[in-house]
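Engineer: got a structure for you, letters missing:
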C-alpha cells in the first residue's frame, strides 16, 4: 500500500471508533490449528465476539476497494485472541482440554487501532499508526 493512502485508513479507524461504545470481552476456550509444521493457538471469545465481528465488518465495508494490491478476505472474521505462533498439536490439545488449568480472561475493549505490521526474518513487528477511542 502506498504511504499516501495512510490518512484514509486513519480516518476509517476514527469512524469505526465513533460507531461503537466500550464493551467487555471474555476468552475462556482454547483452540488452534496446525498446517504442516506451522501452527497457531488461540483463545476464542465467549462474550464480546459479536461486537468485535461487527467492528471488523464495518472497517472492511468502509475500506476503499483499491487500498490494497491483494484480494479481499475470503471469510468472515473470527473473534479470537492469538496466543502462540508456531504452536504444535500438543499445545493446541492442552489449550482445548484446559490441561494447564481453566482458561478465563476478561478485559474492557475501549479503543481501536490501525497497526502496520513488518514481517522480517526475526519475526513480526507492529507499529500503531492511529488509535481511536470507542
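Structural biologist: Perfect, thanks for sending it. Keep in mind that what you see is a predicted model, and the values were worked out from it rather than measured.
Engineer: hey, let's count contacts and neighbours off CA atoms from now on
Structural biologist: OK.
Engineer: quick check: buried residues in the worst-scoring helix or strand of the chain on mean pLDDT?
Structural biologist: None of the helices or strands of the chain scores lower by mean pLDDT, DSSP states H and E than strand 80-85, at a mean of 89. Neighbour counts over strand 80-85 (16 or more other CA atoms under 10 Å) mark residue 80 as buried.
Engineer: which other residues reach that strand?
Structural biologist: By CA atoms under 8 Å, 6 or more residues apart in numbering, the surrounding residues in contact with strand 80-85 are 27, 38, 39, 40, 41, 42, 43, 44, 45, 49.
Engineer: quick one: strands adjacent to it?
Structural biologist: strand 38-47 (antiparallel) (DSSP bridges).
Engineer: quick check: angle from the helix or strand that the strand it pairs with is followed by to strand 38-47?
Structural biologist: As assigned by DSSP states H and E, the chain's next helix or strand after strand 38-47 is helix 49-62. Comparing the axes of helix 49-62 and strand 38-47 via axes from the mean of the first three to the mean of the last three CA atoms, to 10 degrees yields an angle of 110 degrees.
Engineer: please state the offset of the helix or strand hosting residue 24 from the chain centre?
Structural biologist: Using DSSP H and E, residue 24 sits in strand 23-35. Taking the mean of its C-alpha atoms, strand 23-35 sits 11 Å from the chain's own mean (CA atoms, centre = their mean, to the nearest Å).
Engineer: which strands or helices does that strand pack on?
Structural biologist: Under the contact criterion of 3 or more CA pairs under 8 Å, 6 or more residues apart in numbering; DSSP states H and E, strand 23-35 touches strand 38-47, helix 89-97, strand 105-109.
Engineer: shaky segments in this protein?
Structural biologist: 1, 72-76 (pLDDT under 70).
Engineer: how far away is the residue lying farthest from the centre of it from residue 10?
Structural biologist: Distance from the centre of the chain peaks at residue 99, with 25.1 Å (CA atoms, centre = their mean). Remark: distance between residue 99 and residue 10 (CA to CA, to the nearest Å) = 42 Å.
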